Structures are given as structure tokens and as C-alpha cells.
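Asker: Predicted model and sequence follow; I will ask about them next.
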Protein chains: 2
Amino acid sequence: MKKSRDPLEPKADKATVRRHNLSLVLRAVHDEGEATRAAVAARVGLTRAAVSSLVEQLLAGGFLTESGKTFSGHAGRPGTALRMARTGPAGLGVEVTVDYVSVCVVDLAGTDRVRLTEHLDNRNVPPGEVLARAARIAARTLESAAEQDLRPAGVRLALPGLVSGGRVRQAPNLGWEGVPAEELFAGALRAARPGLPGLPTGSDNEANAAALAQLWFGEGEAGTGRARSFLYVSGEIGVGGAVVVDGELLRGAHGFAGEIGHVVADAAGPECRCGSWGCLEQYAGQAALLRGAGLDGDAGARGVAELERRAGAGDTRALAALERAGRMLGLVLSGAVNLLDPEAVVLGGVFRGLMPWLGRAADEELARRVVSGLWSAGGGRLRASSPSGDAARGAAALVVRDVIADPVQYAERSSAAEGDAART
Amino acid sequence: MKKSRDPLEPKADKATVRRHNLSLVLRAVHDEGEATRAAVAARVGLTRAAVSSLVEQLLAGGFLTESGKTFSGHAGRPGTALRMARTGPAGLGVEVTVDYVSVCVVDLAGTDRVRLTEHLDNRNVPPGEVLARAARIAARTLESAAEQDLRPAGVRLALPGLVSGGRVRQAPNLGWEGVPAEELFAGALRAARPGLPGLPTGSDNEANAAALAQLWFGEGEAGTGRARSFLYVSGEIGVGGAVVVDGELLRGAHGFAGEIGHVVADAAGPECRCGSWGCLEQYAGQAALLRGAGLDGDAGARGVAELERRAGAGDTRALAALERAGRMLGLVLSGAVNLLDPEAVVLGGVFRGLMPWLGRAADEELARRVVSGLWSAGGGRLRASSPSGDAARGAAALVVRDVIADPVQYAERSSAAEGDAART
């Protein structure tokens, strides 16, 4: 006999529904930090019995752990607290820039658990060699992760350029054009870990990854809360950007949104590496900042540290250079704010440390130019980024997000990988 | 005995589910234009029996009609075709600009059924008087609509300024500041229709309404299809803008996104009414275009017609003015494209008719300045708007959208209104 069903409920395959509900429960615990079964049931709108069955499966799969601790101060029978597992499923993020490679492993809660950063000069090094370096650093990071029983579900690269479909279309400051970055990295990682299974590899623009890390991990400044719609602008050799709207990254039709470094600040300005003239990067990029203060434009992180030192000591030339850069930054930001009306503008990269000197000029320019007095200088909408949210962590967290969205897929893949390993 | 239910299905109240499913079915017919019950069932994932029951209710409520026509050329039993009703539920849109008021009524299919436009001068007229004029025009439009048996569920105002929470924060070209537009209009409409029930009133920025009309009703240009992510820029006295991402309007944190007219084109440029300097409006707004060509900046629609005539006749001064404006427009658009990576940029308002002369300069400037050669001049990403999608129709369609999202609410409201009318 066919089971009767409510004709008003949409049809759905039972295994699909269970798979979806496993993700709902996992996500609920993730977002709450810790929660009882009853709290999860209330949040996701399933019965307590259904949640218990799903939780058992997630505990057995190593996605959740359970503490003996009980909640007090609540009505009803106390429950044990569920938390995201601190071992097992994890994400690997690899940030490659001109000056350094930074690799991190985050666990299911998004906590940064292993971090390996190497400062090196990736200028004028062939892309294959840069990515092979990055893969060797990643392999060492994975060894540390394995000692902590963390097993990344995949790896995500964060790269300073136009990234789409696994390739870098253009990364002018690295000198890359049309580089199949995912393929090169994955090959190099297999070579660096002979006998071990490869990892599914993804890639993203580094400002995008950093903006997501700000969204997920950046502490809100006192009184301002954490913005869900903001423009993220990162000062590096180039000036990167990303747009977050209602907690989602705006990617654009080709995946290339956020290129604020190439918004024109002065149409009659100097030629830019991108082929245009007078781009923001020519006024507020690292090289322009350093040269403006009388330093070597290629001095990198050391140069920026020296610029901060001089500005702190009241060096007039350094202060004037930072104010000029801040004005140009504010000018371009005012256009972006008029167009997007974000809650906040978050400044990262070298701008973070330079905020005390360029922040005020930028904020004033915003107040002068944002329509209808909607921007008040000193109102806290121009913010420094949080150091706990960087591109490597954002990239790693994107991998974890995929695990949470479909824990069954992770379980299937890892048992297949164990089978492969056993056969080797 | 309690009915047993699948513990994995989320709980949902039966009336709520039915209400939601009525909307799903109505939306399916709306999007398809015409459809059989079987086609609707396949689309929404409900059983044929469930769809039939929902369709009966929607036919009885006057939301759908059914033709005797049967489909041929398909396998299976032919079905009768369902369509959106051409009478009954409708939407009223009212566009107020400096130079005209345009009111339209659209039916459930979004078709423009009644249109009344009055060209008049709203400069230096108190806001209450402008809105009272608009209400009188709306009242006459409603009379025509009633003769066609169309009963608008509400009215939406489209206004050229920063609109939020029913108020116009600022509309510099009308000279409005802090005007409670919805309240003033609703009061004037009640006064213009004594004894008739009032209409729920909403309001929006006019570029937003026009952009939605482009999204919903603009024909795609040959070969380009209809973009779902685009920047809409409208040349009027001011330059308005709106950002559509994946078929949704980007509203911004305060509802003020899209103000591209006040993005800076030249930091050292002339002061703008908004308080900033060198805004795009100072170079590509209607007054700047006219003055650049040696015409009276306040000549309005007649002036623009004269400008088109002169450009068509090869007048050098007119052509030079349009090329200059096109370059400045392209300059600012390049920044917006670098930031948003839209599929297309759609030019409306006076820019539509002036496209043959300012379009090429703008397109070339975009090609020079959008990163990484992502913009090819002549590639069709810079488009003229479709005349069938204007702000009044977009505003009216927003009302219809609300009806489709919850037909039960419309039915409840209109029976309450009939009750009121009977008591009067």
C-alpha cells in the first residue's frame, strides 16, 4: 500500500531531506557556538526526536562533540552541550602575495589552528615555482595539522589578481597572466606529499577571501557591531577590494567585482599597470605611499614599517604623503559609498597600520562627498580591519563552509580516500 | 489520534503552506505567460491534484483565467491554458519628476493598461502641491482603470531623490528636503476621491523603479539577451542610478544605493547641489549637456529635443558637448564596472535618445579603463534602455508583485474594502 501524503507538501526524496537536515543541524551548532539538542530543535524547526537522530549521526561522523556539562539557569531538563569537533574535518587556506606565503588550517568552528607564514620575494619568479613553494609550505602545514588530528577537506588559494575558473587571468604585481593556478598548485602538492591523496583545490581573489574573514571573524569595534554589508579595501602593492552585501560576497558577472584599486582617482593621472591612467593604486598603493614619503617604492614590508615609524615620529614628509594618499582614497571611496551605500568601509592590509595618519583625511573626504550628509566624519563607518580575519583564514573557512553545507559528501570522500590509502 | 508525520519534515502550519502554495502557482503562471495545470505542477513540484485545488481557488478569486484553448503538439491529454487575469487585481505607479507626472496601471501580467502623463513644471512648487497634482492625475487614472474593471491593490510613488521610510530625505532638483511624500500623497488621493477607500501607499527612488522595469519588461537587444545583473543610469536634470544584482535591486544599508550622479568625475570640478565638487551630474546631467551645446540649461524636454536635432544635423558644438559628456560618463562608469562587474550598463532617460552621439565616447572610455581588457568597445555591454520599461511601470509592477507574493492578503483586503464601501 502506498503511504498517503499531504498533497500540499512538496515532494522530496527522503535521503535528500536527511542530508539537508544534517547540514541544518551542523550549521545551527556552528552559529550558536554551543547548543543543546532542544535549542537546535527550536532553531531549525524539527522535532526533538528528529534532531537527536541527526545529532547521533553527526557525533559518529566526528563533526560534533558533546560535553558532560549541563546548562543551568534554564527551565526544563538540562541537556548536554553540543559543539563543533576540534579534530577531524578542517579547511586549508593558502594566501600567496608578492612578499609572503601564508598557510593556515582552521577547524570546523573556524578557529585558526595551524599557521605557517614565510616572507619571501615572489617578484620575477615563474608562477609554477611560486606555487611549488606555496605547496611545500602547505605540505608542512598539513603535517602539523595531521599531528593535531585535523584532516582538511580541501584547499583554497587566495591570490592577488583576477581569479576565475581555477585560473589567474591577470595578477599585475606578480607579473602573472593566464596562469592555471589550481592545476599547478595541486600537482606541486601531490609531488610534495608522495603517497598521500590529493586535495580538492579551489581559488579566489585574496581581497574576497579577506573580506569573508572580516565578515566571519572580524571583531566589531566598540559600539559599532559587526557590519553585514561593507566595502573591504586592502592596501598592498596593489589596492584590492571586495563588496559584501547582506553577508554575501558580490562576485560580479565574471567573478571580477571589487577592483577598487583600478577605479580612476584622477583621469589625467599617471599610467597604471592595468593599462588605464590615474587609478587609485597610483596614489594609495604601497609603492606610491613609500615614494611619496621619500622611501624606496620597492622596500616592501620593511619600507612600510619605516613609514609607520617616521609618521609616528612626526616626520613632515611622511605625514604629508599619508594625508595625500588618504584624500585620494577618500575621494574614490566616496564614489563607491554613493553607489553601494554600505554600512561600513573596512581598511585592511598596510592601510590598517597606517590608519592613524591616512584615516582622518579619507574620512573627511568621505564626509565632504557622500550625498546628503549621510557620512559623518568620525562616525565610525570607516574602520580598520580586524587582524584576526586575513585572506588565508577566509580561504580555509570557505572549505569548512562547504563541509558544513554537506557533511555527507565529506564523509563519503574521506572513506574513499582511506580506501585509497589502504591500497597504497 | 494524532496524525503521524515524518519526523524529518519541518513543521509547518497547513494554512500557511496553502497560502504559500497559492503564491507559487500564481507565480508559475505569471512567469510562463500561459500554462496548463500539468505544466504548473511540474514546475512547482506539487501533485496535479494539489495544483488543481489551488487553481480553483485562484480562478474563483479572479487572479487567473482559463481559456478553452487546448495545447497541441504535446504528448498526453491536452489541458486548458491558464493565464493571469486581465481584470481585477492591479498595480498603480506614479512617477513624479521635475518636468512631468506619469501615472500607470498595470494588470497582473505586468501589462501597461492605462497611462496618463502630464508635462508640467514642478520646479519651485511646494511639495504638497506637487503631490496633490499627482494625486489628481492618479484619481483620473483610477477612473479609467475602474471602467476596465481593474482594481489596484495599492500605489507606489517613484521619486527623483533619496527615498526611505515613506519620506524623501533629499531631492535637490525638486528642491525637496525631508518631505513625508507617502502621507501627503495618500491624503491628497483621499481628498480627490471622496467616499472611496484609500490605497496602501509605498515609495521608491525613480531610478530603482526604472531599473526594475528594465529587468522585468526591457527587451534584450539582438543577441545580448536580457541582463540579470546590470547598472542602470538615467540622465535627467540629475543623473540617477540603480544597481541590479542577480535579478534583485541592491538597496544599500539605508536604501540609498545607486547614486552614481554624485560619484566624482573630477575632484577639482564645479560645486554640485549635493555639496560635493565635480560630481558626474555636473558633466552629464541635462543642464550641463544643454549648456555645453550652447542651449539654455533649463530648457527641459524641448531643449533635449533641440540638442538631438542639432547633433543629428552635424552641429559641431552639439557633437563636441555630447562627446565630452560621454567621456565623463564613461570615466565614472569604468569605476562602477571595476567595482561591480555587471553584465551590462543600461542608459536611460535623456541618454537613451542621445546614445548615437555620447554612447561611443562612453564605450571607448570604458574599454580604456576597465581592468584587464574585460570591456571591449562595441561589444554590446553598453546599452540603451528599453522604452517599455519606465519608472511608473516599474512602480506599478512592484505593487503587482506584492499581490502575487500573497494573493490571500489581497483577497482579504478587497473584501474588507467592499464591506466599507457597502456601509458608506
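Answerer: Received the coordinates, thanks.

Asker: what's near enough to touch the residue of the stretch 151-300 of chain A found nearest chain B?
Answerer: Chain B sits closest to A:Gly252 of the stretch 151-300 of chain A, with a gap of 2.5 Å, by C-beta to the nearest C-beta. C-beta here means a position set from N, CA and C on the backbone, and glycine is covered the same way. The contact partners of A:Gly252, by C-beta atoms under 8 Å, 6 or more residues apart in numbering or on different chains, come to A:258, B:229, B:340-342.

Asker: tell me the phi and psi of it?
Answerer: When read as degrees, to the nearest 10, the backbone of A:Gly252 gives phi 90, psi 170.

Asker: Show me what the host helix or strand of A:Leu347 is packed up against.
Answerer: Counting by DSSP states H and E, the element that carries A:Leu347 is strand A:344-349. On a contact count with 3 or more C-beta pairs under 8 Å, 6 or more residues apart in numbering or on different chains; DSSP states H and E, strand A:344-349 meets helix A:206-217, strand A:230-235, helix A:316-340, helix A:350-369, strand A:382-384.

Asker: Just give me how far the shortest one sits from the chain centre.
Answerer: With C-alpha atoms, centre = their mean, to the nearest Å as the basis, the distance from the averaged C-alpha position of strand A:382-384 to the chain average is 17 Å.

Asker: which secondary structure elements does that strand contact?
Answerer: The helices and strands touching strand A:382-384, judged by 3+ C-beta pairs under 8 Å, 6+ apart, are strand A:344-349, helix A:350-369.

Asker: one step back: quick one: the helices and strands packed on strand A:344-349 as CSV, columns for mean pLDDT too.
Answerer: Below are the helices and strands packed on strand A:344-349 laid out as CSV (pLDDT from 0 to 100):
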stretch, mean pLDDT
helix A:206-217, 94
strand A:230-235, 96
helix A:316-340, 97
helix A:350-369, 95
strand A:382-384, 94
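
Asker: could you dump those to TSV with mean neighbour count?
Answerer: Compiled in TSV, the helices and strands packed on strand A:344-349 are given as follows (neighbours: other C-beta atoms under 10 Å in any protein chain shown):
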stretch	mean neighbour count
helix A:206-217	27
strand A:230-235	28
helix A:316-340	24
helix A:350-369	21
strand A:382-384	21
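
Asker: could you dump those to JSON lines with distance to A:Gln286?
Answerer: Shown next, in JSON lines, are those (distance: least, C-beta to C-beta, whole Å):
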{"stretch": "helix A:206-217", "distance to A:Gln286": "14"}
{"stretch": "strand A:230-235", "distance to A:Gln286": "6"}
{"stretch": "helix A:316-340", "distance to A:Gln286": "10"}
{"stretch": "helix A:350-369", "distance to A:Gln286": "6"}
{"stretch": "strand A:382-384", "distance to A:Gln286": "17"}
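
Asker: Nearest to B:Gly238, out of the ones you listed?
Answerer: Ranking these by their distance to B:Gly238 (criterion: C-beta to C-beta) puts helix A:316-340 first, at 12.4 Å.

Asker: nearest to B:Arg324, of the helices and strands packed on strand A:344-349?
Answerer: Across these, B:Arg324 has its closest neighbour in helix A:316-340 (19.6 Å, C-beta to C-beta).

Asker: Just want the angle from the closest one to strand B:230-235.
Answerer: Counting by axes from the mean of the first three to the mean of the last three C-alpha atoms, to 10 degrees, helix A:316-340 lies at 90 degrees to strand B:230-235.

Asker: Need the distance between the two termini of stretch A:114-127.
Answerer: With C-alpha to C-alpha, to the nearest Å as the measure, stretch A:114-127 spans 25 Å from end to end.

Asker: how does chain A divide into domains?
Answerer: When chain A is parsed with automatic domain parsing, its domains come out as A:14-84, A:89-208+A:390-423, A:222-384.

Asker: mind checking how far the first one is from the chain centre?
Answerer: Its chain's C-alpha centre lies 27 Å from the corresponding centre of domain A:14-84 when counted by C-alpha atoms, centre = their mean.

Asker: tell me the mean pLDDT over that domain?
Answerer: Regarding domain A:14-84, the rounded mean pLDDT is 87.

Asker: Please see if that domain touches chain B.
Answerer: Yes - using C-beta under 8 Å from any C-beta of the partner chain, we find that domain A:14-84 touches chain B at A:14, A:17-18, A:21, A:44-47, A:49-50, A:53.

Asker: top of the residues you listed by neighbour count?
Answerer: Of all the residues of domain A:14-84 next to chain B, A:Leu46 has the most neighbours under the rule other C-beta atoms under 10 Å in any protein chain shown, reaching 23 neighbours.

Asker: Quickly find the element holding that one.
Answerer: Following DSSP H and E, there is no helix or strand that holds A:Leu46.

Asker: Would you confirm that it contacts A:Arg18?
Answerer: No - here A:Leu46 lies out of contact with A:Arg18, judged by C-beta atoms under 8 Å, at a distance of 10.9 Å.

Asker: How about the residues of the stretch 251-400 of chain A by chain B?
Answerer: So the stretch 251-400 of chain A meets chain B at A:251-260, A:262-267, A:274-277, A:331-332, A:334-336, A:338-343, A:368-374 (C-beta under 8 Å from any C-beta).

Asker: ok, now with 7 Å
Answerer: A:252-254, A:256-260, A:262-264, A:266-267, A:274, A:276, A:331, A:334-336, A:338-343, A:368-369, A:371-372, A:374 (C-beta under 7 Å from any C-beta of the partner chain).
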